[in-house]
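**Q** Got a sequence here, can you build the structure:
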Amino acid sequence: MAGVHSYPLLVELEETKIPRLKIKLVKYFQSKKSNGGGECEVEYENGSRTAMVRFRREEDQRNVLAKESHQISLEKGVLKLTVRLPTEEKSSRETPSDEDKKKSDVAADKQASADKSNPTVQTETEGGDDDTADEEPCSTSAVLGNILDNTNQEFLEMLVENITKSHDFTLEFFPDISSAVVTFQSGEENANFVAKCPQNKMFTKKGFSVQPLEVTKQVLVDDILHFSEEVLQLYFENEGGDVEEVFLNEAEQSAVITFKDHRAVQKIFKKKHSIKKEEIRVYPFYKTLGVALYGKDKPALKLPAAISEPIDSAVLRYLAQNKSAAETICSEMENTSAS
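**A** Next up is the predicted model:
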């Protein structure tokens, strides 16, 4: 993968049985704060004990190489990395002799770790039946910002297709906040998209910005006219996890549920929901944007509730006797509502 990412480093991994390992490597080596890295691509095959990181800038490569030690913090323990210059282009591939050597290295590493009082990565992988419980949050969405009013959704979708060379995404445009959200199937696709945006000529020409969308702890519940805050809190604690707050918006017939843990949100979206046999719709809500993401299930605009005002009996009699006056009033009201 030469070209714009022309400055490689070989990364040796202490452990490989880690969920979403490639995504963790991408996030780590793109972070200036963690290790002085920057825009890069990661080549990694599941199960391999090595990965190849290719930086776009030589300065980022030097900064990472200059750091004495590298480790990625996990939910339980850390993953230690060894970073060096590759000796040859094929150094990231494993030969049969390398395989035998590395198997013995794995056994030696496991024996050494057993003698230590501090558990490292092995602690995370012991309970492999439920990986999602120990995984770090990983965003599958990115926010495009600085979008001008005259930009339309079709143009944005074509731009994302041009950058990703794929149609496998959804895009929601929010003109009111000059932003759009692109959602992919995986965190890896999202990380690659964020990294490639600054390389696209049209993206830079338009002056757009891009950043990963936060992993949310909130959901929006729609059409909950008949349910109280207490009922909603009990339901979502039973279905997802501990609820921190329920904010009820009676005018919109909706509520925002804030959980204490983002994993509760992941659990909520694994099934459909109904209260008292009445189906309710749930969508991820993002505090930084102040909006929910509906995907392809965006609801129709809700009309405001009808209002009624008392009228004096004398006025009512006058209108009944003068139909032209009543028609004039109705026409003026229609013009006002239409504008």
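
**Q** residues in contact with whatever helix or strand residue 23 lives in?
**A** Residue 23 is part of helix 21-29 when elements are defined by DSSP states H and E. Residues from elsewhere that reach helix 21-29, judged by C-beta atoms under 8 Å, 6 or more residues apart in numbering: 11, 13, 18, 34-35, 37, 40, 42, 44, 46, 51, 53, 55, 64, 70, 72, 74, 79, 136, 138, 186-188, 191-192, 195. C-beta: built from backbone N, CA, C; applies to glycine.

**Q** Any chance of a PyMOL selection covering the buried ones in those residues?
**A** One line in PyMOL is enough to select the buried members of the contacts of helix 21-29, burial here meaning 16 or more other C-beta atoms under 10 Å:
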select buried, resi 11+13+18+34+35+37+40+42+44+51+53+55+64+70+72+74+79+136+138+187+188+191+192+195
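
**Q** What about the contacts of helix 21-29, which are in strands?
**A** 11, 13, 40, 42, 51, 53, 55, 70, 72, 79 (DSSP state E).

**Q** Now residue 320: closest residue in space, sequence neighbours ignored.
**A** residue 326 (7.8 Å; C-beta to C-beta, 6 or more residues apart in numbering).

**Q** Tell me which other helices or strands the host helix or strand of the one you found touches.
**A** Using DSSP H and E, residue 326 falls within helix 323-338. Applying 3 or more C-beta pairs under 8 Å, 6 or more residues apart in numbering; DSSP states H and E, one finds that helix 323-338 contacts helix 313-321.

**Q** 7 Å instead, please
**A** On a contact count with 3 or more C-beta pairs under 7 Å, 6 or more residues apart in numbering; DSSP states H and E, helix 323-338 meets no helix or strand.

**Q** Backbone dihedrals for residue 200, please?
**A** Reported as degrees, to the nearest 10, the phi and psi values for residue 200 are phi -90, psi 130.

**Q** mind listing the strands for the stretch 51-200 of the chain?
**A** Per DSSP state E, counting those that start in this stretch, the stretch 51-200 of the chain carries strands over the ranges 70-73, 78-84, 141-145, 170-174, 179-183.

**Q** now the stretch 201-339 of the chain
**A** Using DSSP E, counting those that start in this stretch, strands in the stretch 201-339 of the chain cover 209-212, 218-222, 243-249, 254-259, 273-275, 278-286, 291-292.

**Q** measure residue 164 to residue 201 for me?
**A** Distance from residue 164 to residue 201, counting by C-beta to C-beta, to the nearest Å: 15 Å.

**Q** of these two, who's got more company?
**A** residue 164 (18 against 8; other C-beta atoms under 10 Å).

**Q** Now tabulate the strands of the stretch 201-339 of the chain in JSON lines and tack on mean pLDDT and distance to residue 321.
**A** Output for the strands of the stretch 201-339 of the chain, formatted as JSON lines (pLDDT from 0 to 100; distance: least, C-beta to C-beta, whole Å):
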{"stretch": "strand 209-212", "mean pLDDT": "93", "distance to residue 321": "64"}
{"stretch": "strand 218-222", "mean pLDDT": "93", "distance to residue 321": "47"}
{"stretch": "strand 243-249", "mean pLDDT": "92", "distance to residue 321": "44"}
{"stretch": "strand 254-259", "mean pLDDT": "94", "distance to residue 321": "45"}
{"stretch": "strand 273-275", "mean pLDDT": "89", "distance to residue 321": "52"}
{"stretch": "strand 278-286", "mean pLDDT": "91", "distance to residue 321": "48"}
{"stretch": "strand 291-292", "mean pLDDT": "91", "distance to residue 321": "51"}
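
**Q** Residue 267: which of these is closest?
**A** Nearest to residue 267 among these is strand 254-259 (9.2 Å), distances taken as C-beta to C-beta.

**Q** circling back: in this structure the residue nearest to residue 320 contacts residue 316, no?
**A** No - the criterion here is C-beta atoms under 7 Å, and residue 326 misses it with residue 316 at 9.9 Å.

**Q** Can you give me the buried ones in stretch 173-182?
**A** Quick answer for stretch 173-182 (16+ other C-beta under 10 Å): 173-174, 178-182.

**Q** export the residues you listed to CSV and tack on pLDDT and distance to residue 159?
**A** Listed next are the buried residues of stretch 173-182 as CSV, based on pLDDT from 0 to 100; distance: C-beta to C-beta, whole Å:
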residue, pLDDT, distance to residue 159
173, 93, 12
174, 92, 16
178, 92, 15
179, 94, 14
180, 94, 10
181, 95, 14
182, 95, 10
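
**Q** For these, work out which two are farthest apart.
**A** Between all members of these, the farthest pair (by C-beta to C-beta) comes out as 178 and 182, at 14.9 Å.
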